[in-house]
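K.L.:
Have a look at this prediction, sequence included:
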Number of protein chains: 4
Amino acid sequence: MTVPVNDAPRPRRDVARNNQALLDAAATVFARSGVGASVREVAGEAGVGVATLYRHFPSRSDLVAAVYRHQVEECAEAGPGLLASSATPYDALVAWVRLFVDFLGTKHGLARVWEGDSAGFTALHRMFVERLVPVLSDLLDAGREAGQIVAPTSAYQLLRAIGDLVAWTSPDPDYDVRASVALLVSGLRQRPPAL
Amino acid sequence: MTVPVNDAPRPRRDVARNNQALLDAAATVFARSGVGASVREVAGEAGVGVATLYRHFPSRSDLVAAVYRHQVEECAEAGPGLLASSATPYDALVAWVRLFVDFLGTKHGLARVWEGDSAGFTALHRMFVERLVPVLSDLLDAGREAGQIVAPTSAYQLLRAIGDLVAWTSPDPDYDVRASVALLVSGLRQRPPAL
Amino acid sequence: MTVPVNDAPRPRRDVARNNQALLDAAATVFARSGVGASVREVAGEAGVGVATLYRHFPSRSDLVAAVYRHQVEECAEAGPGLLASSATPYDALVAWVRLFVDFLGTKHGLARVWEGDSAGFTALHRMFVERLVPVLSDLLDAGREAGQIVAPTSAYQLLRAIGDLVAWTSPDPDYDVRASVALLVSGLRQRPPAL
Amino acid sequence: MTVPVNDAPRPRRDVARNNQALLDAAATVFARSGVGASVREVAGEAGVGVATLYRHFPSRSDLVAAVYRHQVEECAEAGPGLLASSATPYDALVAWVRLFVDFLGTKHGLARVWEGDSAGFTALHRMFVERLVPVLSDLLDAGREAGQIVAPTSAYQLLRAIGDLVAWTSPDPDYDVRASVALLVSGLRQRPPAL
DNA sequence: TATGAATGAGAGTTCATTCAT
DNA sequence: GATGAATGAACTCTCATTCAT
């Protein structure tokens, strides 16, 4: 009798190590030079050859998505809990947006997530839509049901607005991104003007 | 024999012509390919050599600023009139924002205006601050005096938020920039949540 | 305890299997993508790792030679028979050339056999010279003895000419390699012009 | 009255100089490393940057064609004269082939001219067909009319056969390309065997 | 003054070969 | 013995900017 313990042999030690090194390096480099950083810079930071980077992440899209996957997941998973533990749905929404802003806050150039696939952001774009939109949608629904939210804004629309606001963050002492996001969220409480 | 009548002689005819041709070309190209368009594309569109472009506008910053100067002026000048002709200061603010959004609407990649001088946007940045911030400031003050605006948002803060929202516009049928801006403006009517 | 019965123990079953798989794969791949095909393609076709390929055939030269060894042998062995069964030595020569052309016909890029070892063809080159030149030499001698061949062309010279003609075959509907070879062989029947 | 001396202003001195330097360099490098040599090698040999090479010759095809244009022209132009000055059409053919072989003789890797456009030889291929085929065709026709040539070989077919024979020339003391070509041409004098 | 050719660094990507597992 | 991940040099091509004409 044959007992296939595991179809896929466990990954080699060094492969896993490199993979992690690449993710760490990419995170560092992306934070430093923006998401458009050169592949060489990332590989160099990780201490591996460029081809190794290509082996692990065939397209830039894959790398970008991989780098942010964990954080996207955390964001997505936090939604229901916040809804349960907050005083009101609107409070939950605010709390979740805070989380999302914290996540995006340190990344440069992440606004380009929204540009179709022009720059290799398709995978991350999809992750955002697939994981985050439903979560935010639930929060908005709850807020609407409670009468706290009246603006007819879709989850995607709001997510993207926040994203655009936060993602191109540049160090400007006279500008407070979080205040802008707060303004935006605050706008949900009433009918917005026609523009 | 040459007699320099004047220290700053009026510019030669062809120089002026080239200058205008370059501005027109840049406007066209920026609208088509974004502000990051290649210098060759602009020079080619204007029908002049690249070096001519460099002579007229030593840095990209200068070119970008020159291209948008007129429109920035128009925006700035429209402020007082709107305040006078609108039913309420808030209405005037909304109307002015509409103008501003219209202005930014057709440019691609203008978000970079806010990135210090990283991509040569310093001059435009300064124009925005010098001409537009005071105008928007007046509008906000009026709204506040009328009790219509309560959020403690500075003119610069608001300008930049709108800019970030509008400028990275990519053709996404599921996203409506103006709706996001409306949300933001609507948020001015009450105290925003702490974030 | 290990008792080495034999200095050269017969190869392990799987080793032999891999060897054959590699040869088959190489034949397939060479026919499809040319002799310059990537090592990964060959290894992949064989279903083994690249390093296995390198173990079996340390240099590309070895692989190429091994792949064509059988066919070279067949060609070599057919010579005497043709001489015996053909009406005239010249007919035998033509028949043998046909065989040789058939052999080369399906391989791409085999002209490089003649480039010293630049691309790893030394081993195959040697096989050609050692096995085929004598056979062709006999055919030429017979033809000469019968008075059918008068051009002072050596076997190596002729072999190589045919090889160059046939081997760089590219799919060109306006070109018929066999016709060129026929022309060449036909030239043997008289003194060629000085060139 | 306007007298347009020349619509296109005469090329700048340095441009012409660079152009020539590039052609010379390419000729040198092609002779040394083959036609597949890297663009950097050519640019380096010419003492210019790679981009300069790209400006002058946008595709490899253009460079290759330019390098050999003069010689192709000479070959083409020599045809009629040879026909007039030779004792017989066949002698003229032989003389012309000699010229052609001289031309191809020093180039490495020129066999690839015949590979469709796979490697950037399209332009040269076209030159060969357009300029040389008609010339060779006339020679063959004359030979046929004189009864000296009987093989039903087209000019293109013959040109290509010679090309394949000559072009992959590698330094092999035991092999004489010219002898092979002589054999081929000699074959034209009678019906070739079926192959 | 206007031109566009020259520059050279840097981008992404591929591949034969080696080496740790 | 077999594996396939890692390597790093090589490739083509592009661009903002400078400089000779």
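P.N.:
Cool, the structure landed.
K.L.:
Surely residue A:69 and residue A:126 touch.
P.N.:
No. The pair residue A:69 and residue A:126 does not pass the contact test of CB atoms under 8 Å, sitting 11.4 Å apart. No exception for glycine: its C-beta is placed from N, CA and C like everyone else's.
K.L.:
Could I get the buried residue list for the helix or strand in which residue A:62 is found?
P.N.:
Element membership for residue A:62 (DSSP states H and E) is helix A:60-85. For helix A:60-85, burial by neighbour count (16 or more other CB atoms under 10 Å in any protein chain shown) applies to A:60-61, A:63-68, A:71-72, A:75-76, A:78-79, A:82-83.
K.L.:
Show me the two of the residues you listed that sit farthest apart.
P.N.:
A:60 and A:83 (34.9 Å; CB to CB).
K.L.:
can you count the residues close to residue A:21?
P.N.:
17 (other CB atoms under 10 Å in any protein chain shown).
K.L.:
For the closest residue to chain D within chain A, which non-adjacent residue is spatially closest?
P.N.:
For chain A and chain D, the shortest gap (CB to the nearest CB) falls at residue A:40, measuring 18.1 Å. Leaving aside its sequence neighbours, residue A:40 sits nearest to residue A:50 (CB to CB, 6 or more residues apart in numbering or on different chains; 5.9 Å).
K.L.:
what sits against the most centrally placed residue in chain A?
P.N.:
Centroid check for chain A by CA atoms, centre = their mean gives residue A:72 as the closest residue, at 4.7 Å. Going by CB atoms under 8 Å, 6 or more residues apart in numbering or on different chains, residue A:72 touches A:103, A:127, A:128, A:131, A:132.
K.L.:
6 Å instead, please
P.N.:
Applying CB atoms under 6 Å, 6 or more residues apart in numbering or on different chains, we find residue A:72 in contact with A:127, A:131.
K.L.:
And the buried residues of helix A:60-85, which is closest to DNA strand E?
P.N.:
Using CB to the nearest atom of the strand, residue A:60 comes nearest to DNA strand E of the buried residues of helix A:60-85, at 6.2 Å.
K.L.:
quick one: low-confidence parts of chain A?
P.N.:
A:1-12, A:106, A:108, A:116-119, A:169-170 (pLDDT under 70).
K.L.:
State which one residue of it is found closest to DNA strand F.
P.N.:
For chain A, CB to the nearest atom of the strand, closest residue to DNA strand F: residue A:51, 2.4 Å.
K.L.:
any idea how far residue C:50 is from that residue?
P.N.:
From residue A:51 over to residue C:50 the distance is 14 Å, taken as CB to CB, to the nearest Å.
K.L.:
moving C-terminal of the helix holding residue A:62, what's the next helix or strand?
P.N.:
helix A:89-105.
K.L.:
Pull out the buried residues from that following helix.
P.N.:
Neighbour-count burial for helix A:89-105 [16+ other CB under 10 Å]: A:89-98, A:100-101, A:103-104.
K.L.:
Would you mind giving those residues as TSV with distance to residue A:166 added?
P.N.:
Shown next, in TSV, are the buried residues of helix A:89-105 (distance: CB to CB, whole Å):
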residue	distance to residue A:166
A:89	22
A:90	20
A:91	20
A:92	19
A:93	16
A:94	15
A:95	16
A:96	14
A:97	10
A:98	11
A:100	8
A:101	5
A:103	9
A:104	4
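K.L.:
Which parts of chain A belong to which domain?
P.N.:
A:1-58, A:59-189 (automatic domain parsing).
K.L.:
which parts of chain A sit against DNA strand F?
P.N.:
Counting by CB under 7 Å from any atom of the strand, the residues of chain A close to DNA strand F are A:12, A:14-15, A:18-19, A:47-52, A:55-56.
K.L.:
Any chance of CSV for those, columns distance to residue A:115, secondary structure and neighbour count?
P.N.:
Shown next, in CSV, are the residues of chain A next to DNA strand F (distance: CB to CB, whole Å; DSSP: H, G, I helix; E, B strand; the rest coil; neighbours: other CB atoms under 10 Å in any protein chain shown):
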residue, distance to residue A:115, secondary structure, neighbour count
A:12, 36, coil, 9
A:14, 35, helix, 9
A:15, 32, helix, 12
A:18, 30, helix, 19
A:19, 27, helix, 17
A:47, 31, coil, 11
A:48, 28, coil, 17
A:49, 29, coil, 12
A:50, 25, helix, 13
A:51, 27, helix, 9
A:52, 28, helix, 17
A:55, 26, helix, 14
A:56, 24, helix, 18
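K.L.:
Pull the most distant pair out of these.
P.N.:
A:12 and A:50 (20.2 Å).
K.L.:
how near is residue A:155 to chain B?
P.N.:
11 Å (CB to the nearest CB, to the nearest Å).
K.L.:
And for residue A:130?
P.N.:
14 Å.
K.L.:
Secondary structure class of that residue, three-state.
P.N.:
helix (DSSP: H, G, I helix; E, B strand; the rest coil).
K.L.:
ditto for residue A:172
P.N.:
Note that with three-state DSSP, the state of residue A:172 is coil.
K.L.:
And for it, nearest residue in space, chain neighbours not counted?
P.N.:
Distances taken as CB to CB, 6+ apart place residue B:114 nearest to residue A:172, at 6.8 Å, with adjacent residues excluded.
K.L.:
who touches both of residue A:69 and residue A:126?
P.N.:
With CB under 6 Å, 6+ apart, residue A:69 and residue A:126 have no common neighbours.
K.L.:
who in chain A is up against chain B?
P.N.:
A:94, A:98, A:111, A:114-115, A:156, A:160-161, A:164-165, A:168, A:170, A:174-175, A:178, A:180-184, A:186-187, A:190, A:192-193, A:195 (CB under 6 Å from any CB of the partner chain).
K.L.:
Please list the members of those residues that lie in helices.
P.N.:
A:94, A:98, A:156, A:160-161, A:164-165, A:178, A:180-184, A:186 (DSSP state H).
K.L.:
Which members of those define the maximum pairwise distance?
P.N.:
Maximum distance among those (CB to CB): 21.5 Å, for A:156 and A:178.
K.L.:
just to revisit the earlier point, tell me which of the domains of chain A approaches residue D:151 most closely.
P.N.:
Across these, closest to residue D:151 is domain A:1-58 (CB to CB), at 53.3 Å.
K.L.:
any idea how far the closest one is from the chain center?
P.N.:
19 Å (CA atoms, centre = their mean, to the nearest Å).
K.L.:
Likewise for stretch A:87-103?
P.N.:
Relative to the centre of its chain, stretch A:87-103 is centred 15 Å away, using CA atoms, centre = their mean.
K.L.:
what's the answer for stretch A:163-171, then?
P.N.:
Distance of stretch A:163-171 from its chain centroid, counting by CA atoms, centre = their mean, is 13 Å.
K.L.:
Likewise for stretch A:168-180?
P.N.:
18 Å.
K.L.:
Now it: buried residues?
P.N.:
Within stretch A:168-180, the residues scored as buried using 16+ other CB under 10 Å are A:168, A:169, A:175, A:176, A:177, A:178, A:179, A:180.
K.L.:
Could you work out the end-to-end span of that stretch for me?
P.N.:
13 Å (CA to CA, to the nearest Å).
K.L.:
got a list of contacts for it?
P.N.:
A:111, A:165, A:166, B:111, B:114, B:115, B:156, B:160, B:161, B:164, B:195.
K.L.:
Can you give the distance from stretch A:185-195 to the centre of its chain?
P.N.:
Centre-to-centre, stretch A:185-195 and its host chain are 25 Å apart (CA atoms, centre = their mean).
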